[in-house]
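Student: okay, predicted coordinates and the sequence, questions at the end:
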Amino acid sequence: MQNEMDLFFKNINETPIEIKKGSCKIIIKDISFGGVAVNALAEKIKYIIYNNIKAEVKINIKSRTIADLATIVVFEYIIYYLLKFTECKVCIKLMPDNIAYTKNFLTNSITYNFIRDNRNFRFKREKFIEDFESEVPMINFHRYRKLLKNNNTKNETINKTSSDVYSFLKSIILDEEYIEDCVEAIGELCSNALEHTKYDCVLTIECGIGLNKKKEERNILSIVVSNVSENLFFSKLREFHKEGYKKFNVINQALVNHRLFFGKPFVITQNIGKIMYDEEYFYIVSAFQKGVSTRINQEGTGGTGLLKLIYNILGKTEDSFCYILTGNKVLFFIENLMNPVEDKFVGFNKNNDYLNSIPDAESLGTSAMAFGGTIFSLNLITETEVEKNE
């Protein structure tokens, strides 16, 4: 089994950094702390770790907003590896605007605790590593974080985690049905992460009140399930299909049509640039189809059950930004492009046609940083709830 850190940095380049008098500075100037900024940071941190640099590392992130909760989750992986596997003294500056809700992604995190900790650096380092590796959930009023170990008790762990998450959300959200849908989806996401890899996963939830574009108060619930692994989301399915371990007639049928689009420019936008539809996107989409399962001697429902749960949640939101990131490939969950009705396939397109049509342009994206594993990120916005008068 490969080292988790090596998997994380496997597809990230190294960017040399200048060391002066035992110190080095990493300055991130991007307005928003997102994929591009995190990748730039990861390239420098990889250089420090893999070249055994011993120095004081000063990280100054001048970004005024944070793209999403997943950004902070990935950032914490980077800081964890830096603290765990080097002797570097680390100083972090990251202070987004107070008026932006995204500040909450930081302020309730173990990274924020590290930044504010005024104790001796040795204690700060030990505390961060302990918090990151802890199987005891970190819970405060707005944040839930837990490391789920991939061991013989993982099913019990998922059940206990689901119970804890229910209690956590119950203290913030009033809609019982919405809570139950979210808890069920979270349990399925964690189970998916643990059962299909040999590695642990991290569940991070942030819930609170923010403002929409019209400056109206809204409930904002962000859920991230992250898993560093040698198996990307599509890897096992592609292997099983190509090696003939299981028969996937539906994949065989779809591949004939989808293969016609492999290697062709799929979408060109100002923000994303050129995307090539390829085999990896095809297998990501295929993993969500009914009857597609990599469990030996089990047909199951593939990923359709998970999509139904996500679809149920999206049906109760005012707005959402949900996706899966695996490697550098992104598949967005857009309500009107996914309709996992019983006995139907999910095309991630307006025709809801997996067999004959590739996903619509807005369903696909790429990340500036290749994540060595898989991240499910659900960002859900609903109207604020008011207690009913008796």
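Tutor: Perfect, I can see it now.
Student: quick one, strands of the stretch 201-350 of the chain?
Tutor: Along the stretch 201-350 of the chain, the stretches classed as strands by DSSP state E, counting those that start in this stretch are 201-211, 217-228, 265-269, 273-276, 319-332.
Student: now the stretch 1-150 of the chain
Tutor: Using DSSP E, counting those that start in this stretch, strands in the stretch 1-150 of the chain cover 23-28, 32-33, 56-61, 65-66, 89-94, 138-139, 143-148.
Student: between the ones you listed, which gets nearest to Asn192?
Tutor: strand 143-148 (11.6 Å; CB to CB). C-beta here means a position set from N, CA and C on the backbone, and glycine is covered the same way.
Student: rewinding a little: of the strands of the stretch 201-350 of the chain, which is nearest Pro96?
Tutor: Nearest to Pro96 among these is strand 201-211 (13.1 Å), distances taken as CB to CB.
Student: low-confidence ranges in the chain?
Tutor: Along the chain, segments meeting pLDDT under 70 span 1-2, 266-273, 295-304, 340-343, 385-390.
Student: go through the longest helix seen in it and flag the buried ones.
Tutor: Longest helix of the chain, by residue count under DSSP state H: helix 176-195. Residues 178-179, 181-194 are the ones in helix 176-195 that count as buried (16 or more other CB atoms under 10 Å).
Student: of the strands of the stretch 1-150 of the chain, which is nearest Ile48?
Tutor: Using CB to CB, the nearest of the strands of the stretch 1-150 of the chain to Ile48 is strand 56-61, at 6.4 Å.
Student: tell me which residues in that closest one are buried?
Tutor: Buried residues in strand 56-61 (16+ other CB under 10 Å): 57, 59, 61.
Student: note down every partner strand of the strand ranked longest in the chain and its orientation.
Tutor: Identified as the longest strand of the chain according to DSSP state E is strand 364-383. The pairing partners recorded for strand 364-383 under DSSP bridges are strand 217-228 (antiparallel), strand 319-332 (antiparallel).
Student: so what angle separates the directions of that strand and helix 176-195?
Tutor: Taking axes from the mean of the first three to the mean of the last three CA atoms, to 10 degrees, one finds strand 364-383 and helix 176-195 inclined to each other by 150 degrees.
Student: wait, isn't Lys154 in contact with His196?
Tutor: No. The criterion here is CB atoms under 8 Å, and Lys154 misses it with His196 at 11.9 Å.
Student: give me the distance between Arg119 and Glu130.
Tutor: Distance from Arg119 to Glu130, counting by CB to CB, to the nearest Å: 13 Å.
Student: what of Phe105?
Tutor: Phe105 is 22 Å from Glu130, by CB to CB.
Student: related to what we said a few turns ago, mind giving me JSON lines with the strands of the stretch 1-150 of the chain and columns for distance to Tyr323?
Tutor: Listed next are those as JSON lines, based on distance: least, CB to CB, whole Å:
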{"stretch": "strand 23-28", "distance to Tyr323": "23"}
{"stretch": "strand 32-33", "distance to Tyr323": "16"}
{"stretch": "strand 56-61", "distance to Tyr323": "23"}
{"stretch": "strand 65-66", "distance to Tyr323": "16"}
{"stretch": "strand 89-94", "distance to Tyr323": "23"}
{"stretch": "strand 138-139", "distance to Tyr323": "24"}
{"stretch": "strand 143-148", "distance to Tyr323": "20"}
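Student: out of those, flag the one nearest Glu239.
Tutor: The nearest among the strands of the stretch 1-150 of the chain, by CB to CB, is strand 143-148 at 24.4 Å.
Student: what packs against that closest one?
Tutor: Packed against strand 143-148 by the contact rule (3 or more CB pairs under 8 Å, 6 or more residues apart in numbering; DSSP states H and E) you find strand 138-139, helix 154-170, helix 176-195, strand 201-211.
Student: among those, which is nearest Ile49?
Tutor: Relative to Ile49, the nearest member of these by CB to CB is strand 201-211, separated by 19.7 Å.
Student: helices or strands up against that closest one?
Tutor: Against strand 201-211 (3+ CB pairs under 8 Å, 6+ apart) you get helix 69-85, helix 103-107, strand 143-148, helix 154-170, helix 176-195, strand 217-228.
Student: alpha carbons of that strand, as PDB, please.
Tutor: This file holds the C-alpha atoms of strand 201-211, laid out as PDB (Å, rounded to 0.1, in the frame of the first residue of the first chain):
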ATOM      1  CA  CYS A 201     -11.600   9.400   4.800                       C
ATOM      2  CA  VAL A 202     -12.300  12.700   6.500                       C
ATOM      3  CA  LEU A 203     -15.800  14.100   6.900                       C
ATOM      4  CA  THR A 204     -16.100  17.900   7.400                       C
ATOM      5  CA  ILE A 205     -19.400  19.800   7.800                       C
ATOM      6  CA  GLU A 206     -20.000  23.500   8.100                       C
ATOM      7  CA  CYS A 207     -23.400  24.900   8.800                       C
ATOM      8  CA  GLY A 208     -24.500  28.500   9.500                       C
ATOM      9  CA  ILE A 209     -26.200  31.600   8.200                       C
ATOM     10  CA  GLY A 210     -24.900  33.600   5.300                       C
ATOM     11  CA  LEU A 211     -26.100  36.100   2.700                       C
END
